[in-house]
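**Q** Have a look at this prediction, sequence included:
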Amino acid sequence: MKTRDTLIRLRRFQADEKRRKVAQIEAMIADFARMAADLDREIGQEEQRAGISDPAHFAYPTYARAAAQRRDNIRRSAEDLDVQLAAAKAALAEAFEELKKVEILDDRERSGERAAENARDQASMDAIGLGRARA
């Protein structure tokens, strides 16, 4: 009984850890998307200020070129995180499956114990009833 409860707690902890990891990766992806959007806005402002929007132009603003490079790096990092997110979600699903298996096993064992206890109680009640019927 005690090892079963410990196993259930362990599986729940593992599932919670994997859920936290998924949430953390999703938050990082959202942060990267926000940062990329901010950089897009800054690039647009810098291009408007300079009056040049062609990155191939010789007088294209250096800040806009550097911000575009940072934005591209951030987007690549977000794509890498998407791969990690998919793996983390798969691990989370697996952890939930393991938890459910243990919980179902625990429920079956407990219902078997309850059925045996109910049968013992019924047998003792039957014995009391028979004893009174004979007297």
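**A** It's in.
**Q** Which strands and helices lie in contact with the strand or helix carrying residue 73?
**A** Element membership for residue 73 (DSSP states H and E) is helix 62-134. When contacts are defined as 3 or more Cβ pairs under 8 Å, 6 or more residues apart in numbering; DSSP states H and E, helix 62-134 packs onto helix 2-50. Every residue, glycine included, has its C-beta placed from N, CA and C.
**Q** any idea of the angle the helix it packs on forms with helix 62-134?
**A** Going by axes from the mean of the first three to the mean of the last three Cα atoms, to 10 degrees, helix 2-50 is angled at 160 degrees with respect to helix 62-134.
**Q** how far is helix 2-50 from where the chain is centred?
**A** On the basis of Cα atoms, centre = their mean, to the nearest Å, helix 2-50 sits 10 Å off its chain's mean C-alpha point.
**Q** And stretch 110-126, by the same measure?
**A** Its chain's average C-alpha position is 41 Å from that of stretch 110-126, according to Cα atoms, centre = their mean.
**Q** who's in contact with stretch 45-56?
**A** Here stretch 45-56 makes contact (Cβ atoms under 8 Å, 6 or more residues apart in numbering) with 59, 60, 61, 63, 64, 65, 67, 68.
**Q** Go again with 10 Å.
**A** Residues outside stretch 45-56 that contact it (Cβ atoms under 10 Å, 6 or more residues apart in numbering) are 43-44, 57-68.
**Q** Ranking helices and strands of the chain by mean pLDDT, which lands last?
**A** Least confident helix or strand, the chain: helix 62-134 with a mean of 88, by mean pLDDT, DSSP states H and E.
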